[in-house]
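Engineer: Predicted model and sequence follow; I will ask about them next.
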Amino acid sequence: YCQDNELLVLPESICNCTNLHTLELRNNFIERLPGKIHYLTNLTHLSVRNNKVQVLPSVLCQNPLLANLDIDQNPILDP
């Protein structure tokens, strides 16, 4: 759990944690998700609620186990 930590960046190295099931990043200042986020093949829950994310990596949809994606309260741009 990394919520409420005033994180500005999610390091690319987090994508090496392939056994990760839950990633809670809500209430930070993250502007983008790593391009290799699809390496988290066991991820079932991802919350980036209340950050500054504008664009979601298209590779995010390559994760078949991701059942819960919370992107609420982000300035997501239309494609």
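Structural biologist: The structure has been received and is ready for your questions.
Engineer: Which parts of the protein are strands?
Structural biologist: 22-24, 45-47, 68-70 (DSSP state E).
Engineer: Now do the closest residue to residue 51 other than its chain neighbours: how many residues are near it, please.
Structural biologist: Nearest residue to residue 51, sequence neighbours excluded (CB to CB, 6 or more residues apart in numbering): residue 30, at 4.4 Å. Bear in mind the C-beta positions are built from the backbone N, C-alpha and C, glycine included. Using other CB atoms under 10 Å, residue 30 has 21 neighbouring residues.
Engineer: For residue 7, which non-adjacent residue is closest in space?
Structural biologist: Counting by CB to CB, 6+ apart, the residue nearest residue 7 is residue 28, at 4.1 Å.
Engineer: how about low-confidence regions in this protein?
Structural biologist: 79 (pLDDT under 70).
Engineer: same thing but at 50, please
Structural biologist: Applying pLDDT under 50 to the chain flags no residue at all.
Engineer: what about residue 68, distance to residue 53?
Structural biologist: For residue 68, the distance to residue 53 (CB to CB, to the nearest Å) stands at 16 Å.
Engineer: Fine by me, thanks again.
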